[in-house]
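# Got a predicted structure plus its sequence, pasted below:
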Amino acid sequence: MSVATPYFDQLFAGNDDPWAFRQRWYEQRKRALTLAVLTRAHYTSIFEPGCANGELSAELATRCDQLVCCDTAATAVGLARTRLSAFPHAQVQQRRLPEQWPTGQFELIVLSELGYYLDAADLRRLIDCALASLAPNGQLLACHWRPLIEGCPQTAEQVHALLQQRLGMHPVVQHHEEDFLLDLWSRDGTSVASHEGLR
């Protein structure tokens, strides 16, 4: 069974940064790596589900024309809206996924620390929703913490294996460390050098 919304509501109760995104070097470095593996300097549209308090969202907002973020926890949505208030092209919505997947087409979808909260059936539905809303040149980035998380129905390895199996897209970047998995898939599979005409 997927982790229910009250779990996330409790995490944000009286805490505007429950994972210490702003304080921990681990989190700062992981955000920098996440942004570095993106093969395009700029995207037309980005969707970030499970945006939490919007720390990664604020970085993604500098790389696109339109940013859509969502979270299931009302407090997280409020925090993310405040964090993104300087970006008029960014919107934050309260949604429960995969049931409330947004309409529209996205050039990049970012699944950061989200997949293992979903059971296998919900994750399959989420991947199908992502595939249906990805642009023809779309990319999907996934980043997940490898150690076991109590109460989560899946591990990072299970999530990334299902993504690899179900997406049917080119794996463009794979950065795997002891602590986390970071993968980028692309529909066109074009490298950065090829995209710039260097190959």
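Everything's here; your move.
# For the rest of this, base every contact and every neighbour count on C-alpha atoms.
Will do.
# report the longest strand in this structure, please.
Criterion DSSP state E: the longest strand present in the chain is strand 134-145.
# list the buried ones in that one?
For strand 134-145, a neighbour-count test (16 or more other C-alpha atoms under 10 Å) marks Leu134, Ala135, Gly138, Gln139, Leu140, Leu141, Ala142, Cys143, His144, Trp145 as buried.
# Next: stretch 154-162.
Gln154, Thr155, Ala156, Glu157, Val159, His160, Leu162.
# can you give me the helices for the chain?
Secondary structure of the chain (DSSP state H): helices at 5-11, 25-37, 55-61, 74-83, 120-133, 156-167, 192-195.
# Run through who's touching the first one.
The one in question is helix 5-11. For helix 5-11, the external contacting residues (C-alpha atoms under 8 Å, 6 or more residues apart in numbering) are Pro18, Thr72, Ala73, Ala74, Thr75, Arg96.
# which of the residues in that helix are buried?
Neighbour-count burial for helix 5-11 [16+ other C-alpha under 10 Å]: Phe8, Leu11.
# Tabulate the CA atom coordinates of that helix in PDB.
What follows is helix 5-11, C-alpha atoms only, in PDB (Å, rounded to 0.1, in the frame of the first residue of the first chain):
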ATOM      1  CA  THR A   5      -1.200  11.700   3.000                       C
ATOM      2  CA  PRO A   6      -1.400  12.000   6.800                       C
ATOM      3  CA  TYR A   7       2.200  10.600   7.100                       C
ATOM      4  CA  PHE A   8       3.400  13.700   5.100                       C
ATOM      5  CA  ASP A   9       1.100  16.100   7.000                       C
ATOM      6  CA  GLN A  10       2.700  14.900  10.200                       C
ATOM      7  CA  LEU A  11       6.200  15.400   8.900                       C
END
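# and it, how far from the chain's centre?
Relative to the centre of its chain, helix 5-11 is centred 19 Å away, using C-alpha atoms, centre = their mean, to the nearest Å.
# What of the second one?
With C-alpha atoms, centre = their mean as the basis, helix 25-37 stands 13 Å off its chain's centre.
# What of the fifth one?
Counting by C-alpha atoms, centre = their mean, helix 120-133 is centred 13 Å from the centre of its parent chain.
# if we look at it, which residues are touching it?
2, 97-98, 101, 103-106, 109, 115, 153-154, 159, 162-163, 166-167.
# now the shortest one
Contacts to helix 192-195, defined as C-alpha under 8 Å, 6+ apart, come from residues Thr39, Arg40, Arg199.
# Could you tell me which of these count as buried?
Using 16+ other C-alpha under 10 Å, the buried ones in the contacts of helix 192-195 are Thr39.
# Would you mind checking which of the contacts of helix 192-195 the model is least sure about?
Least confident entry in the contacts of helix 192-195, by pLDDT: Arg199, with 76.
# measure the spatially closest residue to that residue that is not a sequence neighbour to Thr44 for me?
Spatial nearest neighbour of Arg199, excluding adjacent residues (C-alpha to C-alpha, 6 or more residues apart in numbering): Ala193 at 6.1 Å. With the distance defined as C-alpha to C-alpha, to the nearest Å, Ala193 ends up 20 Å from Thr44.
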